[in-house]
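K.L.:
can you look at this prediction? I've put the sequence above it.
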Amino acid sequence: MLEIQKKLSNIFYSLLSLPATAMGFALSIQIAALSWLMRTQYNLDLHEIGFVWAAGPLAGIIGQPIVGAISDNVWFWKGRRRPFILIGGTLAALMLLALPNIGAISDFFGFSNIIIVAVFVALTLDLAINISFNPTRSIIADVTPEGIPRTKGYTWMQTISGTFGMLAYAIGAIFGNYFLIYFGVFLVAVFSIIPMFFIEEPRELKEVEDENSQAKATETNWKDFLMLLFAHSFSWIGVQTMFVYMIGFVEQKLNPVSDDETGQILAISFLILNGVGAIFPAFVLEPITERIGRVKTHLLALLVMSIGYFGIAFFASTVLSLYIFMGVAGVGWAAIVSLPFAIMSEKVNKNRMGFFMGIFNLSVVLPQLFVSLALGIFIQNAIDKNLIFIISGATLAVSAVLWLLVKENKKTKKEEFRVSGGH
């Protein structure tokens, strides 16, 4: 084990964050480019774009719980999470390479309906991301003690991942989405593969405090866990509605003069969202959690995001006002992609962390599926596309209220880990 891992240094936290950053970057490319490609290059309607986006949640429903459960109980290539990160990262890079070539692939195989190929590529890409995403988050819980060190692991993950997500949207805005995609192929491959040679996974994790601590580590608080899933799912209804259908709002309300300007507005909007999402977790949210707790911090951030969404719906009549309210919404985004993982990880059996991460992911993919399949035609037929952000603001507000029912774990002393047999 490297000294940086033994000391849980900032360098180690940075290294530990890179695999999740790779998957986050791949998702950023999807968010920035998928709807834009489908709309501007292949002339799909909003509800057809929703069908393409539905491929991801379907992959997540199948992939994450299965991969999580398997990774809890296997050991090869010197790890339980490492093999899935390496395989998934490599496959994700290859599918990113296919993304801008959907038309050529469709012509090569003789498909007249490009949606078939688009769904296949999106499904394979999302399956690859899902193979890796769960292990990239589970490995953080595997190698950090409960409490502040684990919160730090997840907030650093989001800060670094969010910074590169911000970079993704900046690249898309400055150099275009095609350059972004090809750059992402390289970054996803490197960030998925290289860190795995420097992080040592413990073959067994053992708590070394008293017997009560050991018993607690193998218990699952099902009531809190299920309430957490329910609350988190409403957050993702709002977020996914924005990601998939925001292009409709931009086209109707801001009247861009070209497809490239539409892509640029979307890219800068998500750049701002991720910019706030990158800065806040480690430098703002983490200090606040130490004062008022994770749950209260999270629900307050969701309320701020709800305000940002309603601001877009009712007041974003210019590109500048859209950008300002996207920055406000970024406060909630910073919390959504960091704090729930830390909260959840201390409410479940530590020996089945991968499995529970997979189940927890259902609170993301089921809302995504609902948004893609149920809301698409509804939003397509809506006369006023303000509805997109009214839905987003309302569901974030509901989520914040539901988080009031999630109990905060009592503060405990920093627990020690004993690592055994990591070869």
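P.N.:
It's in.

K.L.:
use CA for all of it now, contacts and neighbours both
P.N.:
OK.

K.L.:
what's the closest non-adjacent residue to residue 151?
P.N.:
residue 342 (5.5 Å; Cα to Cα, 6 or more residues apart in numbering).

K.L.:
ok, now how distant is the one you found from residue 408?
P.N.:
For residue 342, the distance to residue 408 equals 11 Å [Cα to Cα, to the nearest Å].

K.L.:
pick out whichever of these two has more residues nearby.
P.N.:
residue 342 (22 against 15; other Cα atoms under 10 Å).

K.L.:
endpoint to endpoint, stretch 93-110 covers what distance?
P.N.:
Termini of stretch 93-110 sit 25 Å apart (Cα to Cα).

K.L.:
average pLDDT for the longest helix seen in the chain?
P.N.:
Counting by DSSP state H, the longest helix found in the chain is helix 222-253. Taken as a whole, helix 222-253 has an average pLDDT of 92.

K.L.:
just checking, what packs against that helix?
P.N.:
With contacts defined as 3 or more Cα pairs under 8 Å, 6 or more residues apart in numbering; DSSP states H and E, helix 222-253 has these neighbours: helix 35-36, helix 46-53, helix 259-280, helix 339-345, helix 362-374, helix 387-403.

K.L.:
got JSON lines for those, with mean pLDDT and distance to residue 108 too?
P.N.:
As requested, those are exported to JSON lines (pLDDT from 0 to 100; distance: least, Cα to Cα, whole Å):
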{"stretch": "helix 35-36", "mean pLDDT": "76", "distance to residue 108": "23"}
{"stretch": "helix 46-53", "mean pLDDT": "74", "distance to residue 108": "20"}
{"stretch": "helix 259-280", "mean pLDDT": "86", "distance to residue 108": "26"}
{"stretch": "helix 339-345", "mean pLDDT": "83", "distance to residue 108": "42"}
{"stretch": "helix 362-374", "mean pLDDT": "85", "distance to residue 108": "28"}
{"stretch": "helix 387-403", "mean pLDDT": "96", "distance to residue 108": "37"}
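
K.L.:
which stretches of the chain have low pLDDT?
P.N.:
1-2, 55-56, 59-60, 62-65, 67-69, 71-72, 130, 205-218, 354, 410-423 (pLDDT under 70).

K.L.:
what are the ranges of the helices in the stretch 101-250 of the chain?
P.N.:
Using DSSP state H, counting those that start in this stretch, the helices of the stretch 101-250 of the chain run over 102-109, 114-143, 148-175, 177-193, 211-217, 222-253.

K.L.:
for the first one, give me every contacting residue.
P.N.:
Contact partners of helix 102-109, identified using Cα atoms under 8 Å, 6 or more residues apart in numbering, comprise 112-114, 117-118, 121.

K.L.:
now, which of those residues sits nearest residue 320?
P.N.:
Among those, residue 118 lies closest to residue 320 (Cα to Cα), at 32.8 Å.

K.L.:
surely the closest one meets residue 52?
P.N.:
Yes: counting by Cα atoms under 8 Å, residue 52 is a contact partner of residue 118 at 6.5 Å.

K.L.:
circling back: of the contacts of helix 102-109 - the most surrounded one?
P.N.:
Busiest of the contacts of helix 102-109 [other Cα under 10 Å] is residue 118, holding 25 neighbours.

K.L.:
measure that one to residue 105 for me?
P.N.:
9 Å.

K.L.:
again with residue 197
P.N.:
35 Å.

K.L.:
give me the more crowded residue out of those two.
P.N.:
Taking other Cα under 10 Å, residue 197 and residue 105 do not tie; residue 105 has more neighbours (17 against 9).

K.L.:
buried set for stretch 28-44?
P.N.:
For stretch 28-44, burial by neighbour count (16 or more other Cα atoms under 10 Å) applies to 28-39, 44.

K.L.:
quote the end-to-end distance of it.
P.N.:
Stretch 28-44 end-to-end distance (Cα to Cα) = 21 Å.

K.L.:
residues in contact with it?
P.N.:
Stretch 28-44 is contacted by residues 45-46, 49, 100, 114, 165, 168-169, 172, 177, 180-181, 184, 243-244, 247, 259, 263, 266-267, 270 when judged by Cα under 8 Å, 6+ apart.

K.L.:
of those residues, keep whichever come out buried.
P.N.:
Neighbour-count burial (16+ other Cα under 10 Å) applied to the contacts of stretch 28-44 gives 46, 49, 100, 114, 165, 168-169, 172, 177, 180-181, 184, 243-244, 247, 263, 266-267, 270.

K.L.:
what kind of secondary structure is the residue lying closest to residue 188 once chain neighbours are set aside in?
P.N.:
Nearest residue to residue 188, sequence neighbours excluded (Cα to Cα, 6+ apart): residue 22, at 4.6 Å. In three-state terms, and counting by DSSP: H, G, I helix; E, B strand; the rest coil, residue 22 is helix.

K.L.:
just checking, residue 22 touches residue 193?
P.N.:
No: contact criterion Cα under 8 Å: residue 22 and residue 193 do not qualify, at 9.6 Å.

K.L.:
between the two, which is the more surrounded one?
P.N.:
Between residue 22 and residue 193, residue 22 has the larger neighbour count (other Cα under 10 Å), namely 32 against 20.

K.L.:
that's a helix at residue 385, yeah?
P.N.:
No: read with three-state DSSP, residue 385 is coil and lies in no helix.

K.L.:
who's in contact with it?
P.N.:
248-249, 252-253, 379.

K.L.:
assign residue 406 to helix, strand or coil.
P.N.:
With three-state DSSP as the basis, residue 406 sits in coil.

K.L.:
for it, which non-adjacent residue is spatially closest?
P.N.:
The spatially closest residue to residue 406, leaving aside those adjacent along the chain, is residue 224, at 5.8 Å (Cα to Cα, 6+ apart).

K.L.:
that neighbour contacts residue 347, doesn't it?
P.N.:
Yes: between residue 224 and residue 347 a contact is recorded at 7.3 Å, counting by Cα under 8 Å.

K.L.:
with neighbour numbers in mind, choose between these two.
P.N.:
residue 347 (23 against 18).

K.L.:
so who does the more buried one touch?
P.N.:
If you count contacts by Cα under 8 Å, 6+ apart, residue 347 has them with 219-222, 224-225.

K.L.:
now swap in residue 405 and tell me
P.N.:
By Cα under 8 Å, 6+ apart, residue 405 lies in contact with residue 227.

K.L.:
ok, the one 3 residues further on next?
P.N.:
By Cα under 8 Å, 6+ apart, residue 408 lies in contact with 293-295.

K.L.:
if anything else comes up later, I'll come back, but that's it for now.
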